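In: structural data only, the sequence is not supplied:
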Ligand SMILES: [Zn+2]
């Protein structure tokens, strides 16, 4: 019988969803683990039953090609690796659902036919509903961009509060 896997990308960890009380199959990749290197996320990983798996190189290439086609050039190794893992899980006859709040990751996932489930949102919101901020220096941006102009850290986003 096919199993369902929830594949966590870096934004899934930053969202701080409590993964400790779940019976679902949670998986992520070594690249995601090394990217989410702060204390809180490490603790989260330690407390959770998250398996660390790697997609095949062939699937990684498929993902890179898809990202190039859609013009999503800001994707990190971690972003690419979770998508490759989704494809590999699917190849084994199981179901992969990607947990992500990242526009680019969701976009490439949809072109590959990968099911994605957002964390903090109900589907992809328009950019105007988000604030973008630097997790390192705290600078906020009204418009989406990949990196912080001050320190070069990859920006994160959260929904504007009404
Ligand atoms: Zn910064």
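Out: Nice, thanks for sending it over. These numbers come from a predicted model, not from an experiment.
In: how about the residues of the chain by the ion?
Out: Contact residues, the chain versus the ion (CB under 5 Å from the ion): 134, 136, 137, 148, 150, 151, 153. Every residue, glycine included, has its C-beta placed from N, CA and C.
In: for ChimeraX, what selects the buried ones among the residues you listed?
Out: Here is the ChimeraX command that picks out the buried ones among the residues of the chain next to the ion, judged by 16 or more other CB atoms under 10 Å:
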select :134,148
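In: off-centre distance for stretch 65-85?
Out: The chain centroid and the centroid of stretch 65-85 are separated by 10 Å, computed with CA atoms, centre = their mean, to the nearest Å.
In: can you point out the buried residues in stretch 69-76?
Out: Within stretch 69-76, the residues scored as buried using 16+ other CB under 10 Å are 72, 74, 75, 76.
In: now do that stretch: everything it contacts.
Out: Contact partners of stretch 69-76, identified using CB atoms under 8 Å, 6 or more residues apart in numbering, comprise 10, 31, 35, 67, 104, 105, 107, 108, 111, 146, 154.
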